[in-house]
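Undergrad: Next come a sequence and a model predicted from it.
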Amino acid sequence: MHLDHPDTYPHRHTYTAATPTRPDGTRRALRIGLGGPVGSGKTATVAALCRALRDQLSIAVVTNDIYTREDAEFLLRNAVLAPERITAVETGACPHTAIRDDISANLEAVEDLEDSVGPLDLVLVESGGDNLTATFSKGLVDAQIFVIDVAGGDDIPRKGGPGLTTADLLVVNKTDLAPYVGVDLEGMARDAKAQRGELPVAFTSLATEGGVAPVRDWVLERLAAWAAA
């Protein structure tokens with residue numbers, strides 16, 4: 001933990017909105033959280049975004065697992081970023097506790113990355129696999145992506161849940177599997193719109209070249225708005 005806290009125990013960070021500046025007054029990086037069920041493709045989406053954006057942006061990643069560093073090790077093995085730009089948080093409990101309820105460990109990891117490899121343009125914070133209720137504290141991230149996949153069934157958008165209905169971007173991943181699992185993509189799109197209104201939905205197949213493009217373009221739009229603000 002940070003050693004400059006005035007109290008014996010560090011402050012429990014929860015819902016306070018994050019300031020857009022660092023302690024020295026400079027603009028901090030845009031922080032985007034990625035949540036979603038186990039196996040939906042969160043880590044693969046992070047890897048694809050890093051490959052697509054690393055030549056034009058300064059990026060870092062924080063991963064969350066309960067008792068391992070498996071997601072961070074996947075990113076390191078695939079060399080999506082320099083090793084010093086990837087760090088892991090072991091939550092020790094349900095993943096949503098560290099991204100929504102007490103964000104101290106994740107917030108410290110983000111701040112340490114900005115101190116050590118900054119200035120950064122973008123920090124991606126990947127939650128461990130969780131259910132449809134997973135959301136990020138506004139004190140940790142500026143926007144949230146929620147990733148589901150067609151192999152989970154085309155009824156997932158109808159089930160709702162805060163993660164799916166309120167995320168700034170919903171990603172429906174593994175569309176290439178739809179013919180093999182009997183999923184109606186048009187039906188998923190209709191159900192997602194019914195749940196989310198005008199909030200955007202991106203359909204992706206990371207197994208195909210350029211499959212992350214809809215998510216990449218959305219991230220670039222958020223970065224442009226962040227810089228303008």
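TA: Received, thanks. Numbers count the residues shown, from 1 in each chain.

Undergrad: okay, the residue nearest to the spatial centre of the chain: pLDDT?
TA: Geometric centre of the chain, nearest residue: residue 34, 1.9 Å, by CA atoms, centre = their mean. Looking at residue 34, its pLDDT is 96.

Undergrad: residues contacting it?
TA: Going by CB atoms under 8 Å, 6 or more residues apart in numbering, residue 34 touches 42, 45, 46, 124, 125, 126, 127, 144, 145, 146, 147. (Each C-beta comes from the backbone N, C-alpha and C, glycine too.)

Undergrad: who's in contact with the residue nearest to residue 131 when sequence neighbours are not counted?
TA: Leaving aside its sequence neighbours, residue 131 sits nearest to residue 37 (CB to CB, 6 or more residues apart in numbering; 6.4 Å). Residues in contact with residue 37 (CB under 8 Å, 6+ apart) are 129, 130, 131, 132, 148, 149, 152.

Undergrad: and the gap between the first one and residue 34?
TA: It stands for residue 129. 11 Å (CB to CB, to the nearest Å).

Undergrad: Overlap of the contact sets of these two?
TA: Shared contacts of residue 129 and residue 34 (CB under 8 Å, 6+ apart): residue 42.

Undergrad: what about the strand or helix carrying residue 115, distance to the chain center?
TA: Secondary structure from DSSP states H and E places residue 115 in helix 104-117. Centroid separation for helix 104-117 versus its chain: 15 Å, with CA atoms, centre = their mean, to the nearest Å.

Undergrad: Which strands or helices does it pack on?
TA: strand 59-65, strand 86-90, strand 122-126 (3 or more CB pairs under 8 Å, 6 or more residues apart in numbering; DSSP states H and E).

Undergrad: Select the longest helix from this structure.
TA: Across the chain, the longest stretch assigned as helix under DSSP state H is helix 213-228.

Undergrad: Where does pLDDT dip in this protein?
TA: Along the chain, segments meeting pLDDT under 70 span 1-17.
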